[in-house]
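In: Here is a sequence together with a model predicted from it:
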Amino acid sequence: MILTMDMKNDLFVLDDATLDALGRPKQVQLLINTQQRKLVLRACSAEDDEPIFLPDMPIISTEISGRKLLQNIRTNMGWAGMESRICPGTYLPSHKAVCFDLNRVKLA
């Protein structure tokens, strides 16, 4: 499971493995803990706070626009450049979520 953060285009790119781990949900939430430097992608329902709707068609990866969140992450992590970054994820089955440790980010 890999999350790509495309800083130039303000996009989060979710890979096939992440989508599979989450059960190919129709909606997700992006949650961030800046103190622990973790980003969590959680399957959710349309009734949850700030759901992000994903495409219905079968896909290999999908993009989520996130200009403000990416700016927040970049500032909190002290990243100077606008290069894309990748981050491995860990599946949390009890939460139906994938956690991305931003301390493990590498340049793409």
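Out: Arrived safely.
In: all contacts plus neighbour counts: C-alpha atoms, from now on.
Out: Fine.
In: Distance-wise, check Met82 relative to Arg37.
Out: 19 Å (Cα to Cα, to the nearest Å).
In: right, and the helix or strand after the helix ranked longest in the chain?
Out: Secondary structure assigned by DSSP state H gives helix 67-77 as the longest helix of the chain. Where DSSP states H and E defines the elements, the next helix or strand beyond helix 67-77 is strand 85-92.
In: Would you mind listing the buried residues in that following strand?
Out: Arg85, Ile86, Cys87, Pro88, Gly89, Tyr91 (16 or more other Cα atoms under 10 Å).
In: Output the residues you listed as CSV; include the columns distance to Lys26 and pLDDT.
Out: Shown next, in CSV, are the buried residues of strand 85-92 (distance: Cα to Cα, whole Å; pLDDT from 0 to 100):
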residue, distance to Lys26, pLDDT
Arg85, 25, 96
Ile86, 23, 97
Cys87, 23, 97
Pro88, 22, 97
Gly89, 20, 97
Tyr91, 18, 97
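In: Just the closest of those residues to Leu102, please.
Out: Cys87 (6.7 Å; Cα to Cα).
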